[in-house]
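S.K.: Here's a sequence, model it:
(4 chains)
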There are 2 protein chains.
Amino acid sequence: MTAAANQSGRRPTTSRRLERAGIRDVAAAAGVSITTVSDALNGKGRLPDETRSRVREVAERLGYRPSAAARTLRTGRSGLIGLTVTTYGEEPFTFTEFAYFAEMARAATSAALGRGYALVVLPASSRHDVWGNIALDGTVVIDPPDQDPLVSELYRSGVPVVSDGKPGNCPVTAWVDNDHEAAVLGILDHLSEAGARRIGLLTGTSTDTYTRLSTEAYLAWCVKVGQEPVYETYPAHDPAAGAVAADRLLARPDRPDAVYGLFDPNGTDLLAAARRYGLRVPDDLLLVCCSESDVYATTEPPITTLSLKPRKIGTTVVNLLIDAIEGVDSGTGVDIARLFPPRYRTAGNGPPPGTLMPTELIVRASSQRRSPRTTVSPPRPPGEV
Amino acid sequence: MTAAANQSGRRPTTSRRLERAGIRDVAAAAGVSITTVSDALNGKGRLPDETRSRVREVAERLGYRPSAAARTLRTGRSGLIGLTVTTYGEEPFTFTEFAYFAEMARAATSAALGRGYALVVLPASSRHDVWGNIALDGTVVIDPPDQDPLVSELYRSGVPVVSDGKPGNCPVTAWVDNDHEAAVLGILDHLSEAGARRIGLLTGTSTDTYTRLSTEAYLAWCVKVGQEPVYETYPAHDPAAGAVAADRLLARPDRPDAVYGLFDPNGTDLLAAARRYGLRVPDDLLLVCCSESDVYATTEPPITTLSLKPRKIGTTVVNLLIDAIEGVDSGTGVDIARLFPPRYRTAGNGPPPGTLMPTELIVRASSQRRSPRTTVSPPRPPGEV
DNA sequence: CACTCTTGGAGAAACGTATCTCCGAAGGCT
DNA sequence: AGCCTTCGGAGATACGTTTCTCCAAGAGTG
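M.R.: So this is what the prediction gives:
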């Protein structure tokens, strides 16, 4: 009795009427077929407007909400994008680039929602079963390490992956990064112009793209201009170590008269260290650090910062990813996905396409000896967010 | 021909072998039934260990990954939790409580992942279709306004909702909030003990729970101790307005000799305003503000802050939500969900259960006239994260 | 020997949607 | 009158799991 099947569906009409209304209920109430309901609600098929609006009205009246799970199963699209963040220890999110990540994630969320997708935050180190349990249309990966097993796995599954940070040896669909070399060279030039004779660097011990490229650019510049490199490294994820390293740098016998700090807290750390050694900024020491925080506008003195423009990065990364997701199936109407599964898309095409985004140097008092003006920004590049 | 059905499945075995392996493929390769594969992989059913491990091995070899969409459709569980953030304008996330939100979201993400769930960030104002397209097991809502249509909709759909912030008139499953009244009274007492004679308040114009309860507590305290209220309000989402309001407060003829600022930027704004009027902190003006940022440890002077303990809130909120999600079906083994659908769970039981979390006052130089020590923290409550 | 119980596992029915295929009817054309 | 086209819509299948039901064979038991 409970399994009595009526003509248009197998669900018994007698009990269980407290459950959510399904598409079958709408069809029955409107006196049409399931097909018609689906077409009417999704704007497909050939239906007169009258039928369309009637079905919609019935659906509204019944409080019908299509099942996202069923739709995902059927269409193969979940509308979900993963956002992978690197982790240190137990906590997700990076510490050193916290403001960067927050801004980037915010922009990414906005961009995704604007195109009908939602973001789900997934630490790279999280349990495998969590990853496997979620239907993802694509994934944004922040600075994947070489041979990242997670990225390989995703790629093998045919999930498009776009990385923030040029990947070393990862099969990503596309990537976006800043032009770190140009950024560092720009800062070094800026400091030189302000009168720096020996420029030091505060950098990290990790091997991520940002740290590596920036340090390499510094070293190459040193070779070019004939300056002996003066730098200290520390594990960037340890905030306490940064202060120690800043102190070390200024305690050296070959103390630099200008310093660029690669990480957000370096500015205050260097400022504190300078005070400890009785160095005036900018008179005795020129200071620049990479940061997205606007607290450096109000320090004493205000500190020149390099912004990596995380908002632009986040927006671009997400848009590239969604392009990749939707580009597979859209197009000629032929089912391209079946002919060319995602995993083969960039198989023999050489390296994945990358985009370099410009950075912005926000010049403040800490890196200027002459100018009485404390806050001078270079003209903004066009197309600003 | 293409629809030729073999015994154990309808998929033609001849072509399309580039697709991902399904459970049927594993079953065929292992020489067992679909049921056995499912049971072996999920640790259910009664199977000898030998069969179990053999099936697992075959699945591994084929690179089998169960379809999250199919599993969600079948089980009704997606492992996804929504995190709703209030929005101002186009950008998601709040501005005034930025550090608070970031910390809270981070803790919530951790807690969710620890229990096998992932968080998806969904601005409350986002397009309805995005919400409808995602299978959510439950939702965390930050400070829902009265009669929030979103919350009502979720509740009607039977999706458990737990709110951060005591809800005004929303049918939530549970809520978590700080004891804002106690926090404000604690600060006012602290300032009084430090010698304050007239305490001012910098507060917001919005009607969210935090602003409302805090302001009411202040006003009630004024009545109790017989002080005329001295406060200024401004739209908290506008960072520029905060500086203006801080200035207004200190420009009043009945200028306070101590101020509590409800929002994160108030500390620096008030400090700047005090400088402008030649007021020394803490000698002429005692200062406290609510903030999760540690920049106030390094301002000149360091500023006493109230922490709302967002990490604890985020963890608690998520755990309550997951308890609600899993509590429905677990238990006696009877299918409680069918007997008591979620929407009826708290129907006549009075208000939803709420939890009040303690805050922490981090005392620094800005609110102490006598003590030479600049950073003194009260003993931490037990059970700290 | 007849019986029950346990073990190991197969079959098939959902879950709720999208979409492919097909069909009748009405209208226009030669 | 026969044929083609378009309109409006119904039927059925597939998406890939989980799980309920049931069965066969062997093991113990009286």
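
S.K.: The stretch 251-385 of chain A: helices as residue ranges?
M.R.: A:266-276, A:310-329, A:336-339 (DSSP state H, counting those that start in this stretch).

S.K.: and the second one, anywhere near DNA strand D?
M.R.: In this case it means helix A:310-329. No. Applying C-beta under 7 Å from any atom of the strand, one finds helix A:310-329 separated from DNA strand D by no less than 14.6 Å. Glycine gets a C-beta too; all of them are placed from N, C-alpha and C.

S.K.: Show me the contact partners of that helix.
M.R.: A:77, A:81, A:100-101, A:103-108, A:110-112, A:115, A:117, A:119, A:137-140, A:160-164, A:173-174, A:176-178, A:292, A:335-337, A:342, A:345, A:355, A:357, A:385 (C-beta atoms under 8 Å, 6 or more residues apart in numbering or on different chains).

S.K.: quick one on the thing from earlier: ranking the helices of the stretch 251-385 of chain A by mean pLDDT, which is last?
M.R.: Of all these, the minimum mean pLDDT falls on helix A:336-339 (a mean of 38).

S.K.: So which of the contacts of helix A:310-329 belong to strands?
M.R.: Per DSSP state E, strands hold the following members of the contacts of helix A:310-329: A:81, A:119, A:138-140, A:161-164, A:174, A:176-178, A:355, A:357.

S.K.: Could you pick out the buried ones from these?
M.R.: Using 16 or more other C-beta atoms under 10 Å in any protein chain shown as the burial test, the ones in strands among the contacts of helix A:310-329 include A:81, A:119, A:138-140, A:161-164, A:174, A:176-178, A:357 as buried.

S.K.: How about the residues of chain A by DNA strand D?
M.R.: Counting by C-beta under 7 Å from any atom of the strand, the residues of chain A close to DNA strand D are A:7-8, A:31-36, A:45-48, A:51, A:70, A:73-74.

S.K.: filter those down to the ones close to chain B.
M.R.: Counting by C-beta under 8 Å from any C-beta of the partner chain, A:Ala70, A:Leu73 from the residues of chain A next to DNA strand D sit close to chain B.

S.K.: For ChimeraX, write the select line for the buried members of the residues of chain A next to DNA strand D.
M.R.: This is the ChimeraX syntax for the buried subset of the residues of chain A next to DNA strand D, where burial follows 16+ other C-beta under 10 Å:
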select /A:32,36,47,51,70,73
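
S.K.: Closest one to chain B out of the residues of chain A next to DNA strand D, please.
M.R.: A:Leu73 (4.1 Å; C-beta to the nearest C-beta).

S.K.: which other helices and strands contact the host helix or strand of the closest one?
M.R.: Using DSSP states H and E, A:Leu73 sits within helix A:68-75. Counting contacts by 3 or more C-beta pairs under 8 Å, 6 or more residues apart in numbering or on different chains; DSSP states H and E, helix A:68-75 packs against helix B:68-75.

S.K.: chain center to the helix it packs on: distance?
M.R.: Offset of helix B:68-75 from its chain centre (C-alpha atoms, centre = their mean, to the nearest Å): 27 Å.

S.K.: Same question for stretch A:284-301.
M.R.: Distance of stretch A:284-301 from the chain centroid (C-alpha atoms, centre = their mean) equals 24 Å.

S.K.: how about that stretch, does it reach chain B?
M.R.: Yes. With C-beta under 8 Å from any C-beta as the criterion, chain B is reached by stretch A:284-301 at A:Val295, A:Thr298, A:Glu300.

S.K.: which of those residues are buried?
M.R.: The buried subset of these (16+ other C-beta under 10 Å) comprises A:Val295.

S.K.: The residues of stretch A:284-301 next to chain B also near DNA strand C: which ones?
M.R.: Okay, of the residues of stretch A:284-301 next to chain B, nothing touches DNA strand C (C-beta under 7 Å from any atom of the strand).

S.K.: one step back: so which of the residues of chain A next to DNA strand D reach DNA strand C?
M.R.: A:Ile34, A:Thr35, A:Ala70, A:Leu73, A:Arg74.

S.K.: Spatially, which two of the residues you listed are the most separated?
M.R.: Maximum pairwise distance in these, criterion C-beta to C-beta, is 17.8 Å, between A:Thr35 and A:Leu73.

S.K.: what bridges to A:Val162?
M.R.: Beta-bridge partners for A:Val162, by DSSP bridges, are A:Val140, A:Ala174.

S.K.: related to what we said a few turns ago, now tabulate the residues of stretch A:284-301 next to chain B in JSON lines and tack on distance to A:Asp146 and pLDDT.
M.R.: Listed next are the residues of stretch A:284-301 next to chain B as JSON lines, based on distance: C-beta to C-beta, whole Å; pLDDT from 0 to 100:
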{"residue": "A:Val295", "distance to A:Asp146": "34", "pLDDT": "84"}
{"residue": "A:Thr298", "distance to A:Asp146": "40", "pLDDT": "84"}
{"residue": "A:Glu300", "distance to A:Asp146": "42", "pLDDT": "86"}
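
S.K.: so can I have CSV of the residues of stretch A:284-301 next to chain B showing distance to B:Pro66?
M.R.: Shown next, in CSV, are these (distance: C-beta to C-beta, whole Å):
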residue, distance to B:Pro66
A:Val295, 47
A:Thr298, 53
A:Glu300, 58
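
S.K.: Quick check: of the residues of stretch A:284-301 next to chain B, which lies closest to DNA strand D?
M.R.: Ranked by distance to DNA strand D (C-beta to the nearest atom of the strand), the residues of stretch A:284-301 next to chain B are led by A:Val295 at 48.7 Å.

S.K.: close enough to count as contact, that closest one and B:Ala297?
M.R.: No. Using C-beta atoms under 8 Å, A:Val295 makes no contact with B:Ala297, being 12.0 Å away.

S.K.: Next one: A:Val130, what pLDDT does it get?
M.R.: Per-residue confidence at A:Val130 stands at 83 (pLDDT).
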